[in-house]
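A.B. asks: Quick one, fold the following:
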Amino acid sequence: MPHLLLVATGGTIAGSAADSSDTAHYRAAALSAETLLAALPEAASIGSVSAEQLFALDSKNMQPAHWLALAQRLRERIADPAIDGIVLTHGTDTLEETAFFLHLTLPRSKPIVLTAAMRPATARSADGPMNLLQAFACAAQPEAAAHGPLVAAGDRIWRARDCRKRHSHAPDALGGIECGPVASAIGTSIQFEAAAPATAPRFGGALATALPRVDVICAYAGAPADLLEASVERDAKALVLALTGHGSVPDDWLPAIAAARAAGIAVVRASRVMAGGVAPQANFDDAAHGTLVCGRLSPWQARIVLMLGIAQGHDALQLQADLLGA
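C.D. replies: Below is the predicted model of the structure:
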């Protein structure tokens, strides 16, 4: 039987409330990895399972330094020949960001499956136990490794790159926007429905010791240009503009963009719209203004690519390739 490792970081899946009917007022990250595992004896039918607690966070408090520590720890565990697959618990609020960071930085040699819950472990209708059990079942499948990090939730398995939080409180909050799941789960039976892409992690080399500040600035009716200026003044190394539509830039932001570019700061056009992304030269002359585009990435994903690329010393041309190739 495979040996699976549970790495816990906290989240609602480890949450506790005083009332089993309360799914809104609870303390996240209250239960340990060992407690979660002890409550899931069915996992023993999938493989031998051990657990370790890396963080105990409400994922709203996740920081880039946590990503670096997590990626380093997972790389060490992936290299351990005694471990066949890894399951990572995480809060749903920033799961898509952590999952994408791991997608960009972890090797494809062993299954890595993230899972989470929308209801605390003490809830009468807790979704965490089945999500965790199905994550173990997925991590026990050797073919899962080639997909890179995956997210298991609600009887479906998503590539980390494709998974988003789509609802603020519904149990099926996690899923894809433009892409379907790569696998489905019925109980602990995992059926892959899509072939794994033949891709390596974009930033699979040595991890940086720190990540630069990159700010996401949202456009809205009347959004002032001094939002950009404030980020530049506070030493942001790049700006991701979550713009309206297909990356439409407000006219009164143009001087601030020009000033940022003159200071050597990368400026990326993204969209606040959930699907579609932003293509080069769409609705804007990127070549003339020195701006980059996010491609199919969300603003939050584009931010992570820029953080990793800038940490490796990539120039604007390389950063654009990173964004389109992530």
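
A.B. asks: Which residues are in contact with the spatially closest residue to residue 186 that is not a sequence neighbour?
C.D. replies: Excluding the flanking residues, the one nearest residue 186 by Cβ to Cβ, 6 or more residues apart in numbering is residue 155, at 7.0 Å. The C-beta positions use only the backbone N, C-alpha and C, and glycine is treated the same way. Going by Cβ atoms under 8 Å, 6 or more residues apart in numbering, residue 155 touches 134, 184-186.

A.B. asks: Who's the closest spatial neighbour of residue 281, skipping the chain neighbours?
C.D. replies: residue 287 (7.1 Å).

A.B. asks: just to revisit the earlier point, can you pick the most crowded of the contacts of residue 155?
C.D. replies: residue 134 (28 neighbours; other Cβ atoms under 10 Å).

A.B. asks: Ramachandran angles for that one?
C.D. replies: phi -70, psi -30 (degrees, to the nearest 10).

A.B. asks: wait, it sits on residue 185?
C.D. replies: Yes. Using Cβ atoms under 8 Å, residue 134 makes contact with residue 185 at a distance of 4.3 Å.

A.B. asks: got any residues that touch both of these two?
C.D. replies: Joint contacts of residue 134 and residue 185 (Cβ under 8 Å, 6+ apart) are 152, 155, 157.

A.B. asks: mind checking the SS state of the last one?
C.D. replies: Okay, so that is residue 157. Following DSSP: H, G, I helix; E, B strand; the rest coil, the label given to residue 157 is strand.

A.B. asks: if I pick it, what's in contact with it?
C.D. replies: 113, 134, 138, 144, 150-151, 181-185, 190, 192.

A.B. asks: same check, this time on residue 162
C.D. replies: Applying Cβ under 8 Å, 6+ apart, the residues near residue 162 are 176-179.

A.B. asks: Pull out the buried members of these.
C.D. replies: Buried residues within the contacts of residue 162, counting neighbours by 16 or more other Cβ atoms under 10 Å: residue 176.

A.B. asks: Which members of the contacts of residue 155 are positioned in helices?
C.D. replies: Assigned to helices by DSSP state H, the following of the contacts of residue 155 qualify: residue 134.

A.B. asks: Would you format the contacts of residue 155 as TSV with distance to residue 209 and pLDDT included?
C.D. replies: Putting these into TSV (distance: Cβ to Cβ, whole Å; pLDDT from 0 to 100) gives the following:
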residue	distance to residue 209	pLDDT
134	35	98
184	40	97
185	38	97
186	44	96
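
A.B. asks: one step back: if you rank the contacts of residue 157 by neighbours, which is first?
C.D. replies: residue 151 (31 neighbours).

A.B. asks: quick one, phi/psi of that residue?
C.D. replies: Taking degrees, to the nearest 10 as the convention, residue 151 sits at phi -120, psi 120.

A.B. asks: again with residue 49
C.D. replies: According to degrees, to the nearest 10, residue 49 has phi -130, psi 130.

A.B. asks: That one: how many residues sit nearby?
C.D. replies: Residues near residue 49, counting by other Cβ under 10 Å: 20.

A.B. asks: Repeat that for the one 4 residues further on.
C.D. replies: Taking other Cβ under 10 Å as the criterion, the count of residues near residue 53 is 19.

A.B. asks: if I look at residue 162, how far off is residue 272?
C.D. replies: Distance of residue 162 to residue 272, computed by Cβ to Cβ, to the nearest Å: 19 Å.

A.B. asks: can you check residue 100 too?
C.D. replies: Taking Cβ to Cβ, one finds residue 100 at 18 Å from residue 272.

A.B. asks: before we move on, back to that, let me know the closest of the shared contacts of residue 134 and residue 185 to residue 16.
C.D. replies: residue 152 (22.1 Å; Cβ to Cβ).

A.B. asks: Now do the helices in the stretch 101-250 of the chain.
C.D. replies: Here the stretch 101-250 of the chain has its helices, by DSSP state H, counting those that start in this stretch, at 128-139, 226-233.

A.B. asks: Packing partners of the longest one?
C.D. replies: In other words, helix 128-139. Counting contacts by 3 or more Cβ pairs under 8 Å, 6 or more residues apart in numbering; DSSP states H and E, helix 128-139 packs against strand 3-10, strand 85-89, strand 112-115, strand 150-153, strand 183-186, strand 189-192.

A.B. asks: Return the distance of it from the chain's centre.
C.D. replies: With Cα atoms, centre = their mean, to the nearest Å as the basis, helix 128-139 stands 18 Å off its chain's centre.

A.B. asks: Same check on the shortest one?
C.D. replies: For helix 226-233, the distance from its own C-alpha centre to the chain's C-alpha centre is 26 Å (Cα atoms, centre = their mean).

A.B. asks: Buried residues of that helix, list them for me.
C.D. replies: Buried residues in helix 226-233 (16+ other Cβ under 10 Å): 227-228, 231-232.

A.B. asks: if we can go back for a sec, let me know how buried the residue nearest to residue 281 is, in neighbour terms.
C.D. replies: Neighbours of residue 287 using other Cβ under 10 Å come to 9.
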